[in-house]
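Undergrad: Whatever this is, show me its structure:
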Amino acid sequence: MQWTTSRFSIDLTVPKVMGIVNVTPDSFSDGGQHASTLAAMRHCEKLLAEGADILDIGGESSRPGALSLPLADELARVLPLVREAVKLGVPLSVDTYKPQVMQAVLDLGADIINDIWALRWRESSPAPIQLSGMQVVSQHPSCGICLMHMHREPQTMQMAPMEGDVLPQVRHLLERIADELLGLGVEKSRIVIDPGIGFGKTVAQNFALLARQQELINSGYPLLAGWSRKSSLAAVAGTSLASVATLDVHERMVPSVVAAVLAIERGAMIVRVHDVRETVQAIKVLSAIK
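TA: Next comes the predicted model:
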C-alpha cells in the first residue's frame, strides 16, 4: 500500500511515524518551544535524527477552547518554515484547514494537507468568490490528503461531545468526504483518514475508536492515529500520586507510546507523535515479533 503525495510515494506496508512540529505559542503540549523558524528547523532535524518518516507542521493550535487564528498570522508562522523544511528531503505535511494556507504551502512544495476539518471549513463571512479546501486539494495533481473527524469545532467540541456509538458516525463522515474527493478525480491512493482522537469525543468514545479501529480501516483507506499526549491517556493513566489534574502533558510519554503501538497492532499505518525516538523504539520491538 502506497500513500501518494506531492513528491513522495510513501510505503505503508510498514508503519510510519509522523513527527509533530508546532510553530505556535499556545499548543497544549509544546506551545512556544519552536516558535521561530530557526528553532523549528532544529526541531525538524532532531525528529528526523530520532527516526521520523514524515514531518507535520502546524501554525494554529487546535486544543479544546482554542480560538481561530487570523489567516495572515498563520501564513506568517508557517510559510518561512515550509520554505526551509521542503529542502530536508522528507515528506512534509502541513496541519491546516484554511484553503489559502493549503494553496500557499502546496505552492512551496509541501506534500500533504492534514486537515482537522476534513475539508469542511468555510469562512464565516464568505467573499464573493470563496476558495474551499476541497477545491485546493482536488485541483492539485498529487498532494496527499489526511481527513480527520472532528465533532463541532475546537472552541466547543468538548463542551458537548458526541453521543451514542461514535464508530458509525465517524466512519460515515470520513467516507462521505472521501467519496466526494473521488468524484472530483482525486486518486484513492492520496487519501488517509484519521478518527480524530480527542476532537469532540469522551474518554470512553476515544478508547472505543481504538478498540474497534478495524471497522474504520474496513472503509478501504489507510488510518492515521493521533494519540500523542492526549488528555484521555491522562484520564486512564492517572493514579492517586499522579491524578488527571496533575499528570502534566510531558508526563504522558509512556501512555502515548503504548497507545501508538496498540493503534499499529490494530492496523494504523501512520502514528502522529511528539515523542519520536521512544515511539520508533517501541515499533521496532513490535516488529521483532512479526
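
Undergrad: from here on, contacts and neighbour counts on C-alpha atoms
TA: Noted.

Undergrad: Identify all contacting residues around the helix or strand hosting I113.
TA: Using DSSP states H and E, I113 sits within strand 112-115. Residues from elsewhere that reach strand 112-115, judged by C-alpha atoms under 8 Å, 6 or more residues apart in numbering: 5-6, 91-97, 102, 137, 143-148.

Undergrad: Just the ones in strands from the residues you listed, please.
TA: Per DSSP state E, strands hold the following members of those: 92-95, 144-148.

Undergrad: ok, back up a step: each with direction, which strands does the strand holding I113 pair with?
TA: Strand 112-115 pairs in its sheet with strand 92-95 (parallel), strand 144-148 (parallel), by DSSP bridges.

Undergrad: is it possible to export the ones you listed to JSON lines including distance to Q281?
TA: Listed next are those as JSON lines, based on distance: least, C-alpha to C-alpha, whole Å:
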{"stretch": "strand 92-95", "distance to Q281": "22"}
{"stretch": "strand 144-148", "distance to Q281": "25"}
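
Undergrad: Mean neighbour count added to those, as TSV?
TA: Shown next, in TSV, are these (neighbours: other C-alpha atoms under 10 Å):
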stretch	mean neighbour count
strand 92-95	27
strand 144-148	27
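
Undergrad: Contacts only, for the residue lying closest to F8 once chain neighbours are set aside.
TA: Once flanking residues are discounted, F8 sits nearest to P91: 6.5 Å by C-alpha to C-alpha, 6 or more residues apart in numbering. Shown in contact with P91 (C-alpha under 8 Å, 6+ apart): 5, 7-8, 53-55, 110-112.

Undergrad: re the thing from before, and the strand holding I113, how far from the chain's centre?
TA: 8 Å (C-alpha atoms, centre = their mean, to the nearest Å).

Undergrad: and P64, helix, strand or coil?
TA: Counting by DSSP: H, G, I helix; E, B strand; the rest coil, the backbone at P64 sits in coil.

Undergrad: how much space between it and L38?
TA: Here the criterion is C-alpha to C-alpha, to the nearest Å. By it, P64 lies 28 Å from L38.

Undergrad: Look at the two and report which has more neighbours.
TA: P64 (18 against 13; other C-alpha atoms under 10 Å).

Undergrad: which residue sits closest to the more buried one, ignoring its sequence neighbours?
TA: Excluding its sequence neighbours, the residue lying closest to P64 (C-alpha to C-alpha, 6+ apart) is P154, at 5.0 Å.

Undergrad: any idea of the pLDDT on that neighbour?
TA: The score at P154 is 80. That number is its pLDDT.

Undergrad: what's near enough to touch it?
TA: With C-alpha under 8 Å, 6+ apart, P154 has these contacts: 62-67, 199.

Undergrad: can I assume it sits in a helix?
TA: No - with three-state DSSP as the criterion, P154 is assigned coil and is not in a helix.

Undergrad: C-terminal to the longest strand along the chain, what's the next element?
TA: Counting residues, the longest strand in the chain under DSSP E turns out to be strand 16-22. The helix or strand immediately downstream of strand 16-22 is helix 37-49, counting by DSSP H and E.

Undergrad: list the buried ones in that following helix?
TA: 37, 40-41, 43-45, 47-48 (16 or more other C-alpha atoms under 10 Å).

Undergrad: Of those residues, just say which sits nearest to A234.
TA: L47 (24.0 Å; C-alpha to C-alpha).

Undergrad: where does the closest one land on pLDDT?
TA: Listed pLDDT for L47 reads 98.

Undergrad: Please apply the same query to the one 3 residues further on.
TA: E50 carries a pLDDT value of 98.

Undergrad: Show me the strands in the stretch 151-290 of the chain, by range?
TA: 191-194, 224-225, 270-273 (DSSP state E, counting those that start in this stretch).

Undergrad: which one among the contacts of P91 gets closest to R252?
TA: Closest to R252, out of all of those and judged by C-alpha to C-alpha, is L55, at 20.8 Å.
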